[in-house]
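Peer 1: Got a sequence here, can you model it:
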Amino acid sequence: MYFYFITILLLFVPVFLEILFPKLTAKPLYKNLLIIFAVGICILELGFRWETGTDWKQYIRHFYTQNLSTPLVNNENGYEPGYNLIVSCVKFAISDYTFFLLVHATLFFLLLQKTYRYFTPYFFVAIVIFYATFMGTWGANRQFLAAAFGLLSVFYLYEKKLWAYFLCILIAFQFHTSSILLISFVFLTKKLDSRLMILAVALSLMVGYTQLPFKIFTFFGSFSDYSAFKVKQYLDIAAHDSKPISTLGFLKRITIFTFFFILRERILKLQPKFTLIFNIYFLSLCFYLIFAKTLTVMISRGSFYFNIFEPVLLSYVFYLLKSKKMILITACLFLIYSLVVVNRSIGVYPDLFVPYKTLFFNSDYHRNMH
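Peer 2: Residues are numbered from 1 along each chain as shown. Here you go, the predicted structure:
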C-alpha cells in the first residue's frame, strides 16, 4: 500500500509547485515538464505492472492466443473487434505483453490529459484524484480504451463538432459495448432546470428500490443474439458479484452533487465548461441510484464513463478560493482525501494490488490471480 501512497505524494509535487511558484510553473517549458512528470508516472505504473490489477489472467491469455491471421476476432472470449485489432497490431510488432501494456497506458493517458487539460486549469489536481479513485479498476483494459475515446468525444461535443463526437463513440464501442452510454452526453450541454434535477434524483432513488431496472436490462437481450450474449455476461457477473453498494460511496456522491448544485451559479460565472461536467456527474448519480440495489455490475461497468469526469468536477473547487493560504489548505485536504480514496479503491481487491508487482521489483512475489 505504501507504493500507492508514495505515488500520490509524487503526483502532488506539481500541485504544490503551482501554488507556491505560480509565475515559474506558468511558463510553458516548466508547465510541460511537470505534465510529462505526472503523466509519465501514471504511464509507467500502469504499463509496467505485472500480475497486478483486475482481469489479469483473461487479458494476458487473450494477448498470447490472439491469432494474427484473424485480427478482428478472438473466438475464445468474444471481445470487441477494436480490442482484438489493437492487440494484433502490437503483437505483430512485438509479441510481448508488457510492451502492449505500455502502448495501452500511453494511449489512455495521452487522451485523458488532453481532455482534462481542456476542461480544467487544475490538471494536476484532477489527475491525482483520478489515480486515487480509479486505481482499483486498473486492469480493465478494454474499458480503459473505450473511456479514453469517451473522454475525447466529450471534448468534441463541447467544441460542437458532432461528427467527431459520434466518431469517437463509434471507436469506443469497438473496445467495449457499454460505451454506447456516451450517446446520452449529447443531451447534457445545456444548463438543466434545478427542479428537474432534484425530481430526477428522487425518481432514480425510488426506481432503484424496484425490480424495474433488472427487467429493462434483460429486455435488451431480446434484440439480437449478440445483445443476448452480452446481457447474459453481465447477469452472470452480477450473480457472482453481488456485493452491496458502500454507504460511504453513496454519501460521497450525494455530498459532491449537493455541494456543486448549491454553488453552480458561482462556478458557472468563472468556468462555462462547468455545465457539461456537472450534468455528466448528475447523470452519473441517477445511474448509480437506479442500479444500486439490483445490478451493481452496471455501476462498475456503465458509470465508469460518467465517473471519469469526477476529478475534473472536484478540481473546480479551486475556482471558489481567493487567498494562497486557502488554496494551500484545500490542496492538503485533497491530498488526505486522495490517500483515503486510494486505500478504499484498492480495498475491494487488496490481494490483486498489494504489493504492487512489476518486472523490476517484487517480481518473486507469488500472487493468486482471479
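
Peer 1: Please read off the pLDDT at the closest residue to residue 37 other than its chain neighbours from the model.
Peer 2: With sequence-adjacent residues excluded and distances taken as CB to CB, 6 or more residues apart in numbering, residue 37 is closest to residue 14, at 6.5 Å. In short, each C-beta sits where N, CA and C put it, glycine included. Listed pLDDT for residue 14 reads 97.

Peer 1: quick one: the most centrally placed residue in the chain and residue 369, what's the gap?
Peer 2: In the chain, the residue lying closest to the centroid (CA atoms, centre = their mean) is residue 308, at 3.7 Å. In this view, residue 308 and residue 369 are 25 Å apart by CB to CB, to the nearest Å.

Peer 1: okay, now the domains of the protein?
Peer 2: 1-139+322-370, 188-320 (automatic domain parsing).

Peer 1: Distance to residue 149 for those domains - can I get that in TSV?
Peer 2: Compiled in TSV, the domains of the chain are given as follows (distance: least, CB to CB, whole Å):
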stretch	distance to residue 149
domain 1-139+322-370	7
domain 188-320	10
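
Peer 1: Check those for me: which has the lowest mean pLDDT.
Peer 2: For the domains of the chain, where the average pLDDT is lowest is domain 188-320, sitting at a mean of 82.

Peer 1: so how far does that one reach from one end to the other?
Peer 2: End-to-end distance of domain 188-320: 23 Å, with CA to CA, to the nearest Å as the criterion.

Peer 1: chain center to that domain: distance?
Peer 2: Centroid displacement of domain 188-320 relative to its chain, using CA atoms, centre = their mean, to the nearest Å, is 13 Å.

Peer 1: Show residues contacting stretch 354-364.
Peer 2: By CB atoms under 8 Å, 6 or more residues apart in numbering, the residues outside stretch 354-364 that reach it are 1, 3-4, 45, 48-52, 98, 346, 365, 367.

Peer 1: Farthest pair within the residues you listed?
Peer 2: Across those, the longest distance by CB to CB is 23.4 Å; it joins 1 and 98.

Peer 1: one step back: just checking, the residue nearest to the centre of the chain touches residue 147?
Peer 2: Yes. Counting by CB atoms under 8 Å, residue 308 touches residue 147, with 5.5 Å between them.
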